[in-house]
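Q: A predicted structure for the sequence below; I have some questions about it.
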Amino acid sequence: MSNPRNLVLLIDDEPKIRRFLRAGFEIHGFSVVEAENSADGLKIATFNAPDLVILDLGLPDLHGSETLERLRSWSNVPVIVLSVESDEDEKVRLLQAGADDYVVKPFGMAELLARSDAALRRYFKSATENPVVMVGPLSVDLASRAVSLNQTRIKLTRKEYRLLHVLAVHVGLVVTHDQLLKEIWTGNQRDNIQYLRILVRKLRQKIETDPNQPRLLVTESGVGYRLENRLETSVAN
Amino acid sequence: MSRSTKAKSLIYPLPLFQRLADIRARRAEAGRAFVPGFDASPRRVTWTDVLPLLWSVGSVAIITAILFALDEPIAANLVPIAYLIPVIFAATRWGVWSGTLASLAAIAAADFFFFTPLYSLRVDSPQEAIDLLVFLIVALVSSNLASRLQQETERLRRREREIQHLYEFSKRLAACFTISDLIDAIRHYLARTLGQRAALFVASAGGHFESSPGSGAAPPSVQESVAAMMVAVGATDRSVVDEQTQDVWLLRAIGSKTVVHGVIAINVGRGTHDAIKSRARRIEAVLEEVSLTLQRLDIGKAMDDARLHLQAELLRDAFHGTLSHELCSPLAAIQGSVSVMREMPAVAADDRLRSLTEAVADEVVRLDGHIRNLLNATRVTAGGLTPRLEWSDPRDIVNAAVKARARRLAAHRLEIGFDDDLPLLNVDSGLVEEACGQLLENAAKYSPSGSTISVQTRHEAGRIVMAIIDQGVGVTPDEQRHLGRKSFRSPRHQASVPGSGLGFWIASTFIRAHDGSVEVVSRGQGLGTTASILLSAQHAIDSELVTCDDE
C-alpha cells in the first residue's frame, strides 16, 4: 500500500534512535527527513509535506502531545507516536488528540513498520479503491457488508458487524474503547465497557480459529482493540 | 503557714504506702517515732520566728507611749480604740498568734497605765473588768478576722501569680513546634515556679532519661523510679518518699500512652495531705496544657510525615523519570538497531552474524525486564500503587502476559487453557498481566528447556484462578516460607540462575493490591511448581448477565 518513495519525517531528539529509524525505513524503501526538536519538525512538516510523521513524546522544546496538536491544526498527515511510558491514559489521550497509533519504547522495527503501513494505507485509501479488507482468512466487504472466513460467508449480528466494520476501516491501527462504544451504542450504554468486552467475545467466537488465543481481533490492554494486519507475527520483535 | 501537729490520714498509692511502712519499721528499730510527711523532731526556733512577736509587743508599746503623751481625758476615751490598731496590724501582718499576743499585751498595758489603780495590773471596779473583758474579746475576734483576711489575700495573690505563670506558660506552649520546644517551656516554667524543688527528666536519643540541665537535682531513689517509669509503657503517675530527707516527690510523665517524652519530679516537701494535693493539682493543670500541646504537636508530626511522604514521592518520580530516560532510551536505540540489523540481507545470510544479533536481542529483552522490575519495585515501595480498575477479559490478560514474555518462553512448550464460563474481572489489567508475566518468567527460569509450561485459567468457588504449572526444580518447604519477601533468592539457585529476587515479590504485591493472593504449591524438589493467582470473584461479573442488547 505504501508508495515506494513515501517521505517519513522523524522527530526525535535522540540521534541514535533517529539513526536506526532512518536505516529501518530506508531498507523498506522510504525516504527520510529528520528533525531533532519540535520547532524544526513543524517547519519541515510545513515545507516538505511528509507522508508520515514519527513523533517522539519527550522533545526538548515542546511536549510531543502539544506538537501533535499544532500539527493536527492544519494537517491530517498520519502520525505515529513513540512513547516511553506504558501509561494507558496517556495513550488514549494521544489517540484522541489525533495520533493514528503509538509504539512504546523499546520497540522493534517490524512493529513500527506494521503501524506505519496501516496508517499510510488508511490515509491513501480512496473511495474508489476496493472496499474489501482482507486479513488472513477473514475478508470484510465494507460496501456490501459481507463478511467471510476462508471464503465462507458468516453471519454476524448488527452490533458484531458494526464492531468489525469500525476495526476494518482502521485495519492495523488501534481503535480506542471510547471510539468503539460511541460507534456501536447509544445513550448511557456508551459508557459501559463490559458490553464491549462481551461483544468482542461473541465476535471472536465467529471469526477466530481459536477464540481463546485471538490472532485477528487483538486487545490493546487498557486502550482498545486492533484488527491485526500482519499475521506472520509471533516472536519477531 | 504553721504546720499542723496533728496527724491526718494520708492516702497514698499502694507502692508508696508499702515504702512508708518499710521506712517506719526502720525508724522504729532506731528507737524513734515517725509519722510520714511530718517533722519527727521539734523544729529549731529561729530569729525570724520570734521577730513578729517582738514587733507585736513593740507596736503596743508605741501606742502606749503616744497615749501617755496625750492629755488624760482624751487618752481615756481613745484607749479601747487605739489599742485595736496594733492588734489588727499585728494580725494582718504576722498572723493570728502575733495578733493574740498583741491583744494580751494591749489589755495588760491598758490596765497598767490607764485603768485605776494606775500602774498596777489589778482591776477594782467591776465596770472596768467588763470593759477590759469586752476589749479582749473584740481584740481577739478582730485579730482573728484580720489574720484570716490577710491569709485569704495572700492566697489570692499567690493564685493570681500562679495563673499568671500558667498563662505565660500556655502562651509559650502555643509557640512550640517540636517536642524539644515543649520540654524547654516546661523547664522554664518549673524553674520559675518551683525552682530547685522540681527536676525534669527528658527522654534522650539513646532510649534512656537524662536529668535536664538547669533543673533541680533529684535523689537516687527518685531517679530509680523515673527509670522504672520510662521502661513501663503507659507509665502511671507515682509518688516517692526520699529516705534521707523524708520529702515526698510526685512523679508525672509527659507524653501519650505510647511515648514518654519526659518525667517531671516535684519535691512537695513534708507538707500535709492537703498541701501535697494542692501542689499536685497545680502540676495537673500544667500537664493538661502539656498534653493538649502534645496532641497539637502530633498533628504537626503527621503533617511532617505527609511532607516527607511527598518528598519521597517526588524522589520516586525523579527516579522514574531518570530510569525511563537514561536507561530506556539507550535500550530503545539498541533494541531498534538490532531489529533493523536482523533484516539486513548480509546478517540474515551469515549464521554467525545472525546468532550474535539474536543474542543481543535476547539480552536487551532481559535488560528491559530488569529495568521494568526496578520501576515496578519503586512504584510499590513508594506506596504509589493504586490499581486502575477496568472490566477486562481474563483471556486477554493471560494472552498479553504470554505475548510479552514470548522470547523468554520460546524454549518451552506452552499449553494455554481457559474455562468456558470465565466472567469479566474488574481489575487493573496492566498489573495482573505483569504479575502473570513474572510468574511465567519464573516458570521458564526454573524449569528445563523443552519442558511444558501450562497456564490454566479457571472459574471456581467464587474466584478466578490463573495457574502456571511447570515441570521444573520445585520449591522446598524452607523456600516456601521466604517466598514473597522482597529480594529473596534461594541459595540453591543463586549461582546458577540469574535474577534479582524481585519478580515474585512484585507479582504478589500487584495481586494483593486487588485483594487477591498468589499461592505456590510444589510436590517437592524437582517435581515442578504450580503458582496460582487467585482473584476474588467479587470483582467478577457474569458474562451472561450483561446483555448486549443485540438481536
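A: Done, it's in.
Q: what about residue B:461, how many neighbours?
A: The number of residues packed near residue B:461 is 7, by other Cβ atoms under 10 Å in any protein chain shown. (Glycine included, C-beta is placed from N, CA and C.)
Q: typo on my end, it should be residue B:397
A: Counted with other Cβ under 10 Å, residues neighbouring residue B:397 total 28.
Q: Looks like it contacts residue B:437 (just checking).
A: No. Here residue B:397 lies out of contact with residue B:437, judged by Cβ atoms under 8 Å, at a distance of 9.8 Å.
Q: Which is the succeeding secondary structure element to whatever helix or strand residue B:159 lives in?
A: Per DSSP states H and E: residue B:159 is located in helix B:126-174. Scanning forward in sequence from helix B:126-174 by DSSP H and E, the next helix or strand is helix B:179-193.
Q: Just the C-alpha atoms of that next one, please, in CSV.
A: Only the C-alpha atoms of helix B:179-193 are listed here, as CSV (Å, rounded to 0.1, in the frame of the first residue of the first chain):
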residue,chain,number,x,y,z
ILE,B,179,8.9,18.2,71.5
SER,B,180,12.2,19.9,72.5
ASP,B,181,10.4,23.3,72.4
LEU,B,182,7.8,21.8,74.7
ILE,B,183,10.5,20.4,77.1
ASP,B,184,12.2,23.8,77.2
ALA,B,185,8.9,25.5,78.0
ILE,B,186,8.3,23.0,80.9
ARG,B,187,11.8,23.5,82.2
HIS,B,188,11.4,27.3,82.1
TYR,B,189,8.0,27.1,83.9
LEU,B,190,9.3,24.7,86.6
ALA,B,191,12.4,26.8,87.3
ARG,B,192,10.2,29.9,87.6
THR,B,193,7.5,28.5,89.8
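Q: Let me see the residues that make contact with it.
A: For helix B:179-193, contacts defined as Cβ atoms under 8 Å, 6 or more residues apart in numbering or on different chains pick out B:162, B:165, B:168-169, B:172-173, B:175-176, B:198, B:200, B:202, B:212, B:214-215, B:254, B:261-262, B:264, B:266, B:282, B:286, B:290, B:293-294, B:297.
Q: Mind giving me the PyMOL command for buried ones among those residues?
A: Selecting only the buried entries of the contacts of helix B:179-193 in PyMOL, with 16 or more other Cβ atoms under 10 Å in any protein chain shown as the criterion:
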select buried, chain B and resi 169+172+173+176+198+200+202+212+215+254+261+262+264+266+282+286+290+293+294+297
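Q: in chain A, which residue is closest to the centre?
A: With distances taken as Cα atoms, centre = their mean, the residue of chain A nearest its centroid is residue A:173 (2.3 Å).
Q: And the strands in chain B?
A: Secondary structure of chain B (DSSP state E): strands at B:198-203, B:209-211, B:238-241, B:248-255, B:260-269, B:390-392, B:413-418, B:424-427, B:452-460, B:463-469, B:517-522, B:529-536, B:540-541.
Q: Pull up the pairing partners for the fifth one, direction included.
A: This points to strand B:260-269. strand B:198-203 (antiparallel), strand B:248-255 (antiparallel) (DSSP bridges).
Q: angle of that strand against helix B:179-193?
A: Calculated by axes from the mean of the first three to the mean of the last three Cα atoms, to 10 degrees, strand B:260-269 forms an angle of 10 degrees with helix B:179-193.
Q: Give the rounded mean pLDDT of strand B:260-269.
A: Over the span of strand B:260-269, the pLDDT mean works out to 77.
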